[in-house]
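Task: produce atomic coordinates for the following.
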Amino acid sequence: MREIKVHGIYRHFKGNYYLVEELAKDSETEETIVVYRKLYGDGSLWVRPLDMFLSEVDHDKYPDVEQKYRFELIEN
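Just a heads-up that it's a prediction; the model follows:
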């Protein structure tokens, strides 16, 4: 499984950039959640399950996307 870099900058496969702020635990399921900030627009915080954050792009749904993963680390 891929690892995640807290405070790393990631590129989403649709082109925008995000800063991973922290990893957190869901209080009900104890699932690891990624807390990340948009590096554009309003700079708001977002959350997504770790497995989804690190997953591969669905190339059946997005056949023209060259990036392998949904989010890829571009800067530590």
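
Which residue would you name as the spatial centre of the protein?
Among the residues of the chain, the one closest to the centroid is residue 53, at 4.0 Å (CA atoms, centre = their mean).

Was I right to think it contacts residue 35?
No: counting by CB atoms under 8 Å, residue 53 stays clear of residue 35, with 10.2 Å between them. Yep, even glycine has a C-beta here, placed from its N, CA and C like the rest.

residue contacts, the residue nearest to the centre of the chain?
By CB atoms under 8 Å, 6 or more residues apart in numbering, the contact set of residue 53 is 4, 34, 36, 70-71.

can I get the residues you listed in TSV with pLDDT and distance to residue 64?
As requested, the contacts of residue 53 are exported to TSV (pLDDT from 0 to 100; distance: CB to CB, whole Å):
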residue	pLDDT	distance to residue 64
4	95	26
34	98	26
36	98	25
70	96	15
71	97	18
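
Return the closest of those residues with respect to residue 42.
Nearest to residue 42 among the contacts of residue 53: residue 36, at 13.8 Å, using CB to CB.

So what does that closest one look like in phi/psi?
The phi/psi pair for residue 36 (degrees, to the nearest 10) reads phi -140, psi 150.

Check which helices and strands the worst-scoring helix or strand of the chain on mean pLDDT sits against.
Least confident element among the helices and strands of the chain, by mean pLDDT, DSSP states H and E: strand 71-75 (a mean of 91). When contacts are defined as 3 or more CB pairs under 8 Å, 6 or more residues apart in numbering; DSSP states H and E, strand 71-75 sits against strand 9-12.

Please name every helix or strand in contact with the strand it packs on.
strand 17-25, strand 71-75.

Reformat these as JSON lines; add distance to residue 44.
Listed next are these as JSON lines, based on distance: least, CB to CB, whole Å:
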{"stretch": "strand 17-25", "distance to residue 44": "11"}
{"stretch": "strand 71-75", "distance to residue 44": "16"}
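
Relative to residue 9, how far out is the closest residue to residue 34 other than its chain neighbours?
Nearest non-adjacent residue to residue 34, counting by CB to CB, 6 or more residues apart in numbering: residue 53, 4.4 Å away. Per CB to CB, to the nearest Å, residue 53 is found 14 Å from residue 9.
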